[in-house]
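**Student:** Quick one, structure for this:
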Amino acid sequence: MSRESRYFTLTLESLRALGSWTADCAERALPVYEKHAGSDARPRAAIEGIRVFAGGGNRTARLRSLAIEANRAAREIGSPAAEAAARAAGLAAASAYTHPLADVQQTRHIVGPAAYAALALELDHAGDPSVGDGEIRWAIEHVTPEVRQVLLQMPARQAGNSRLDKLLYELDAGIRSM
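**Tutor:** You can find the predicted model right below:
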């Protein structure tokens, strides 16, 4: 059975709204990274980069580089909580490159930064799931109508087995049910 890809309209304004919300979500976990990282500011630079774009700046190759560098920082940090925080920042910066393709993998550009931030904060609090659940509620409460409309163009995520998969699913389902 072949699955045809479906494209939809995705405006620059919608990408800017997405970038702003993902930056807000990822920034909440940034202190988790910074307490382990010393002077490594790559995740902070990624969040600052997406904020420039969200505020009207151009979508440049530098923004893509900032996303890549934040993900590189995640691989190098050695702390699961700090790694998740850096991934949240990298995904936030990468949200500017969300494709207008109705594909469940594209939902990660939308809900990934918030889910990784929730995981980072949860891990930083000895794996307390109530912390992650609280962050998911915060993200849902602060999502904008523009971000929700983009998410509704994509297929819903399915629940998975890992904690990250569960956070991604809870966030996706929560935004859709608003």
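
**Student:** quick one: what helix or strand has the spatially closest residue to D172 that is not a sequence neighbour in it?
**Tutor:** Distances taken as CB to CB, 6 or more residues apart in numbering place R157 nearest to D172, at 4.3 Å, with adjacent residues excluded. C-beta coordinates here come from the backbone N, C-alpha and C atoms, glycine included. Following DSSP states H and E, one finds R157 outside all helices and strands.

**Student:** for stretch 128-148, which positions count as buried?
**Tutor:** 131-132, 135-136, 138-140, 143, 146-148 (16 or more other CB atoms under 10 Å).

**Student:** on that earlier part again, enumerate every residue touching the residue nearest to D172.
**Tutor:** With contact taken as CB atoms under 8 Å, 6 or more residues apart in numbering, R157 is in contact with 104, 107, 111, 168-169, 172-173.

**Student:** Return the residues in contact with V32.
**Tutor:** 81-82, 84-85, 120-121, 123-124.

**Student:** Turn the buried residues of stretch 128-148 into CSV, including secondary structure and pLDDT.
**Tutor:** What follows is the buried residues of stretch 128-148, written out as CSV (DSSP: H, G, I helix; E, B strand; the rest coil; pLDDT from 0 to 100):
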residue, secondary structure, pLDDT
V131, helix, 98
G132, helix, 98
E135, helix, 98
I136, helix, 98
W138, helix, 98
A139, helix, 98
I140, helix, 98
V143, coil, 98
E146, helix, 97
V147, helix, 98
R148, helix, 98
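
**Student:** I'd like the distance from N161 to L168, if you could.
**Tutor:** From N161 across to L168, the span is 12 Å (CB to CB, to the nearest Å).

**Student:** who has more neighbours, those two?
**Tutor:** The neighbour comparison of N161 against L168 (other CB atoms under 10 Å) goes to L168, with 26 against 7.

**Student:** Name the helix or strand for the residue nearest the centre of the chain, please.
**Tutor:** The residue lying closest to the centre of the chain (CA atoms, centre = their mean) is P113, at 1.5 Å. Under the criterion of DSSP H and E, P113 resides in helix 107-124.

**Student:** what mean pLDDT would you report for that helix?
**Tutor:** Across helix 107-124, the average pLDDT comes to 96.

**Student:** For that helix, C-alpha coordinates in CSV please.
**Tutor:** Coordinates of each C-alpha in helix 107-124 appear next as CSV, following Å, rounded to 0.1, in the frame of the first residue of the first chain:
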residue,chain,number,x,y,z
THR,A,107,5.3,16.9,13.8
ARG,A,108,8.7,16.6,15.7
HIS,A,109,9.6,20.1,14.4
ILE,A,110,6.4,21.3,16.1
VAL,A,111,6.2,19.4,19.3
GLY,A,112,9.8,18.2,19.7
PRO,A,113,11.3,21.3,21.4
ALA,A,114,8.6,21.3,24.1
ALA,A,115,8.8,17.5,24.6
TYR,A,116,12.6,17.6,25.0
ALA,A,117,12.4,20.5,27.3
ALA,A,118,9.9,18.6,29.5
LEU,A,119,12.1,15.6,29.5
ALA,A,120,15.2,17.7,30.4
LEU,A,121,13.4,19.2,33.4
GLU,A,122,11.9,15.9,34.4
LEU,A,123,15.4,14.2,34.4
ASP,A,124,16.8,17.2,36.2
